[in-house]
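Colleague: Provided below for reference: sequence and predicted model.
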Amino acid sequence: MDEHSYANLLPPSWKSVVIGWMQEDCPSFDWGGYVVGDAERTATLWCKTEGVLAGVPFVNAVFDEMQCTVQWNFQEGVLLTTKDSVQGTSDGRVKVAVAHVKGPTRNVLLGERIALNTLARCSGIATASRNMLNAARAANFHGIVAGTRKTTPGFRLVEKYAMIVGGVDAHRYDLSSMVMLKDNHVWSTGSITKAVQAARHAAGFSLRIDVEVQSQAEAKEAIEAGADVVMLDNMVGDELVQCARELKRDLGQKHRFLLESSGGITLANLKQDAHLDQAIDIISTSAIHQSTQHIDFSLKMDQK
């Protein structure tokens, strides 16, 4: 396996979640398993819509738990398209034989839906991430494109993993990954300056502090208080561009900071000059993982 395999990102404890998925999906009797028995069979994993393949380690873990083996025909991160489709598919449909699963029939079918759901969701986010990044680069934006923490509880690892496979920055993983001070933190503390000072006292030098602001005056206060990243939340158009450029011009020589544009950024409006102005260092969006279209996969038992 390549030393830079995405699977090497995953912590050693993550496979325990697979047991939970199994318990949720089959809490008592496996009626279908009784019907099919445990004779060894093979099944083909098909991709039926174009997209980025992501989630291979999770599928492997599911079937490993089921004492099945998976042989992949494509590497993770590959864009599956009609050109990869099997012979005989001439109507433009996608039908790609992505992998082959082998094991006791009952076990293959026990892992089927869990593996497909995880792969479909993970690949969908990776595809949306790749599309967002490609659109930004095509518009000559060379800064960071990032996801957000608006992930599904209990499924964050898969979704953040998918962003990375898709090529974007996963942003902070959880509340402990970076200090983010939003409006509620500031209001509860009394001021941006007080909030930043308290955060720095606790977090020390090893964590960045990201402060959400609503105006240029608030951004200036955050930078002068020592913020590492300033999120220009929901600023758009000329206001965003002017604010970012003036902050870099007036404070960029004295302070080191990054400017982040966030709030309502989608693939449809990404190409607006405001989001991609060179004064902006980061654009962050939840559009790549909230309400994202899944990639369609199916698992079919091979006919004898």
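Modeller: Looks like it came in fine.

Colleague: what's the per-residue pLDDT of K83 here?
Modeller: Residue-level confidence at K83 comes out at 82, pLDDT.

Colleague: pull the number of nearby residues for it.
Modeller: Neighbourhood size, K83 [other Cβ atoms under 10 Å]: 9. Glycine gets a C-beta too; all of them are placed from N, C-alpha and C.

Colleague: from E50, how far off is it?
Modeller: Distance check for K83 against E50: by Cβ to Cβ, to the nearest Å, it reads 10 Å.

Colleague: again, but for W72
Modeller: In this structure, W72 lies at 18 Å from E50, with Cβ to Cβ as the measure.

Colleague: also D183?
Modeller: D183 sits 40 Å away from E50, taking Cβ to Cβ as the criterion.

Colleague: what's the answer for I282, then?
Modeller: Summarising the geometry, the distance separating I282 from E50, computed by Cβ to Cβ, is 28 Å.

Colleague: more neighbours: the two, which one.
Modeller: The residue with more neighbours, out of I282 and E50, is I282; 20 against 17, by other Cβ under 10 Å.

Colleague: run through the residues that contact that one.
Modeller: Listed by Cβ atoms under 8 Å, 6 or more residues apart in numbering, the contact partners of I282 are G143, I144, V145, A146, D169, V229, L258, L259, E260, S261.

Colleague: what does it show for phi and psi?
Modeller: Dihedral angles phi and psi of I282 (degrees, to the nearest 10) take the values phi -140, psi 140.

Colleague: quick one: the strands in this protein?
Modeller: According to DSSP state E, the chain carries its strands in the segments 40-47, 51-52, 69-72, 79-80, 96-104, 144-146, 179-181, 209-213, 229-233, 258-262, 282-284, 297-301.

Colleague: from the chain's centre, how far out does the fourth one sit?
Modeller: Here the centre of mass of C-alpha atoms in strand 79-80, compared against the chain's by Cα atoms, centre = their mean, to the nearest Å, lies 17 Å away.

Colleague: again with the fifth one
Modeller: When C-alpha coordinates are averaged (Cα atoms, centre = their mean), strand 96-104 and its chain have centres 25 Å apart.

Colleague: all set, thanks.
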